[in-house]
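Chemist: Pasted the sequence and its predicted model underneath.
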Amino acid sequence: MAVIHQPVEALTVTQQWDCDPKHAVPRLDFEFNSACDHKCGHCYNVWNADGDEAQAGYPQGQLDPERYRAMMIKAVQQSGANHITITGGEPLLRKDALTLVSLAGQLVDTVQIITNGSHISPEAVQCFKAAGVRSVQLTLLSADRDTHDRLKGAVCFDDTVRAALDLRDAGVPVQICFVAMKENWQAFEGVMELCYVLGVRGIAYNRMSPTGWAIRELDRLLPLVDQVEHNLDTAERLGPVFGIGVSTAMPIPPCLIRIQRYKWVKFGFCSVGTHTPNITIDPLGNVRSCNLSANILGNVLDDDWRTIHAQPYLHTFKKKIPEMCRGCAYETSCQGGCKESGFATFGDLSHPEPFVWQVRDPQGFAAATGLVTIHDPKR
Amino acid sequence: MPIGPCLSPPEHDLGADAAPDAAAPDAGPPEPDLGPCLSPPPPDPEEGSGKATSPIDPAAIFDKVAAGLPPDIAARLKHRQGKG
């Protein structure tokens, strides 16, 4: 289905682009910038990889305001996208961030903003409201200030909670992201309670999936399967009581947790290669298959969208499956979890990702990482 | 940097025309025995049914949460709570 975009008015860029329906996608993620003033150990940003790490060497920098706007317009119009997710880095550190949010609201029907919550000024709230932002995603790693701030590497808990209230009071929907890690999985119930009190009605449940510099934090942060399952049980128990929808935002392999047990929690698998891919565009206009991938498919300003979208990486990705997953009933949907995490950590898209490998082959995992994990057979 | 969804987003984040097909397993339910890592059999029917199984005490939850918040935020929440 081709999406016909109306001309964007009041912009210096006047060129309009056509969408080839064969290469249309429903959504795009724009990374406004790479800078962030939080220092999360679990941060997945690929430009933080370094040294001999598999994702090292990712180009950094950002387009100037005029070229960035031109890039956004071309990307949206050529791809036919009708939803934009704005992320980063911390997107609101970009000086022209609010102008770009307004542009996003003009270009597509729905906009989501993922922000660290430390820069939600009254001006930003009004901008989001005027742009019709569908939801703002903030992160709460604990309902305990000290725990949250320690894991975020910044003094930010109060700002985040205040931002949630300010947005809600202005009528801008808020979604909370919880990242389950070895050091905070027990805080999930408290975060659900905090969301209930704040009036937040949606949680994106992540289990830490290492890419970027997070691959250096496996020992400290990688959660165990039992810990994630405990959280999902909590979500299943409290979600309907609190009226809080919970969706997993990282794949939960069904070989590890019997996901059909859950009626309230919503699950999903990797979207690369599907009709709703999570294609991501970095601050320079480089296009990747998702925000965890360091593989550049092309550049919006330099290349035609059809050329970018036709890159083999997007279309062969689903075939790269860990050997241990061959023959599984979920082989074509689960694909072994997050393959970009397998690449970032072990240098191979077909390698089992750490969350899976630690359980399915604990000896191999221990030999490769030097880490020993504990899986409680009772769970 | 908050973690963003790498999956197809929840339905409420996209229009109804773009329901995420990736969210639906396309291979059917798993075989009964997929390996040694599976969690135990489903819980009792009352659990995991998506329905509330016990009442909650909103005031008690509020007091517990508010104790960990800055006074100005707790006051705002209290004011809101007073409005029902």
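Modeler: On my side now, so go ahead.
Chemist: Tell me how many other residues crowd residue A:345.
Modeler: Residues near residue A:345, counting by other Cβ atoms under 10 Å in any protein chain shown, number 28. Yep, even glycine has a C-beta here, placed from its N, CA and C like the rest.
Chemist: Kindly export the longest helix along chain B (C-alpha atoms) in PDB.
Modeler: Ranked by residue count and defined by DSSP state H, the top helix of chain B is helix B:71-82. In PDB, the C-alpha atoms belonging to helix B:71-82 read as follows (Å, rounded to 0.1, in the frame of the first residue of the first chain):
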ATOM      1  CA  PRO B  71       8.200  16.000  48.800                       C
ATOM      2  CA  ASP B  72       7.000  18.200  45.900                       C
ATOM      3  CA  ILE B  73       6.200  15.200  43.700                       C
ATOM      4  CA  ALA B  74       4.500  13.400  46.600                       C
ATOM      5  CA  ALA B  75       2.400  16.500  47.200                       C
ATOM      6  CA  ARG B  76       1.400  16.600  43.500                       C
ATOM      7  CA  LEU B  77       0.400  13.000  43.600                       C
ATOM      8  CA  LYS B  78      -1.500  13.500  46.800                       C
ATOM      9  CA  HIS B  79      -3.300  16.400  45.300                       C
ATOM     10  CA  ARG B  80      -4.200  14.300  42.300                       C
ATOM     11  CA  GLN B  81      -5.300  11.400  44.500                       C
ATOM     12  CA  GLY B  82      -7.500  13.800  46.400                       C
END
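Chemist: touching chain A at all, it?
Modeler: Yes: among the residues of helix B:71-82, B:73, B:76-77, B:80 lie within reach of chain A under Cβ under 8 Å from any Cβ of the partner chain.
Chemist: now the residues you listed as CSV including pLDDT and neighbour count?
Modeler: What follows is these, written out as CSV (pLDDT from 0 to 100; neighbours: other Cβ atoms under 10 Å in any protein chain shown):
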residue, pLDDT, neighbour count
B:73, 94, 17
B:76, 92, 17
B:77, 91, 19
B:80, 81, 15
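Chemist: Now do the same contact list for residue A:203.
Modeler: Applying Cβ atoms under 8 Å, 6 or more residues apart in numbering or on different chains to residue A:203 gives the contacts A:175-178, A:191-192, A:195, A:235, A:244-247.
Chemist: now those in TSV, with secondary structure, pLDDT and distance to chain B?
Modeler: Formatted as TSV, those follow (DSSP: H, G, I helix; E, B strand; the rest coil; pLDDT from 0 to 100; distance: Cβ to the nearest Cβ, whole Å):
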residue	secondary structure	pLDDT	distance to chain B
A:175	strand	96	8
A:176	strand	97	9
A:177	strand	96	5
A:178	strand	97	9
A:191	helix	98	10
A:192	helix	98	10
A:195	helix	97	9
A:235	helix	98	11
A:244	coil	97	12
A:245	strand	96	7
A:246	strand	96	9
A:247	strand	95	4
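Chemist: so what's the spatially most central residue of chain A closest to, chain neighbours aside?
Modeler: What sits nearest the mean C-alpha location of chain A, by Cα atoms, centre = their mean, is residue A:291, with 6.3 Å. Nearest residue to residue A:291, sequence neighbours excluded (Cβ to Cβ, 6 or more residues apart in numbering or on different chains): residue A:280, at 4.4 Å.
Chemist: mind listing what residue A:354 touches?
Modeler: A:210, A:218, A:222, A:341-342, A:345, A:365, A:369.
Chemist: Give me the nearest residue to residue A:28, chain neighbours excluded.
Modeler: Using Cβ to Cβ, 6+ apart, the closest residue to residue A:28 is residue A:81 (4.4 Å).
Chemist: Which other helices and strands does the longest helix of chain B contact?
Modeler: helix A:157-169, helix B:58-66 (3 or more Cβ pairs under 8 Å, 6 or more residues apart in numbering or on different chains; DSSP states H and E).
Chemist: Please identify the helix or strand for the closest residue to residue A:46 other than its chain neighbours.
Modeler: Once flanking residues are discounted, residue A:46 sits nearest to residue A:294: 4.1 Å by Cβ to Cβ, 6+ apart. Here residue A:294 is covered by no helix or strand, with elements defined by DSSP states H and E.
Chemist: residue contacts, residue A:294?
Modeler: By Cβ under 8 Å, 6+ apart, the neighbours of residue A:294 are A:46, A:49, A:54-55, A:58, A:211, A:288, A:340, A:344.
Chemist: again, 10 Å this time
Modeler: By Cβ atoms under 10 Å, 6 or more residues apart in numbering or on different chains, residue A:294 lies in contact with A:45-47, A:49, A:53-59, A:211-212, A:288, A:340, A:343-344.
Chemist: List buried residues within these.
Modeler: The neighbour-count test (16 or more other Cβ atoms under 10 Å in any protein chain shown) marks A:45-47, A:49, A:53-55, A:58, A:211-212, A:288, A:340, A:343-344 as buried among the contacts of residue A:294.
Chemist: Give me the subset of the residues you listed lying in helices.
Modeler: A:340, A:343-344.
Chemist: Specify which member of the residues you listed is nearest to chain B.
Modeler: residue A:340 (8.0 Å; Cβ to the nearest Cβ).
Chemist: Mind pulling the model confidence for that closest one?
Modeler: According to the prediction, residue A:340 has pLDDT 97.
Chemist: Okay, the nearest residue to it once chain neighbours are set aside and residue A:70: tell me how far apart.
Modeler: Leaving aside its sequence neighbours, residue A:340 sits nearest to residue A:292 (Cβ to Cβ, 6+ apart; 4.0 Å). Residue A:292 sits at a distance of 27 Å from residue A:70 (criterion: Cβ to Cβ, to the nearest Å).
Chemist: Give me the more crowded residue out of those two.
Modeler: residue A:292 (29 against 18).
Chemist: Now for that one: which residues touch it?
Modeler: Applying Cβ under 10 Å, 6+ apart, the residues near residue A:292 are A:44-46, A:55, A:209-212, A:214, A:250, A:270, A:272, A:278, A:280, A:338-341, A:343-344, B:3-4, B:6.
Chemist: hmm, try it at 7 Å
Modeler: A:44, A:46, A:211, A:338, A:340-341, B:6 (Cβ atoms under 7 Å, 6 or more residues apart in numbering or on different chains).
Chemist: what's across from the residue nearest to residue A:291 in the sheet?
Modeler: Going by DSSP bridges, residue A:280 is paired in beta bridges with residue A:29, residue A:288.
Chemist: so who does it touch?
Modeler: Per Cβ under 7 Å, 6+ apart, neighbours of residue A:280: A:29, A:31, A:288, A:290-291.
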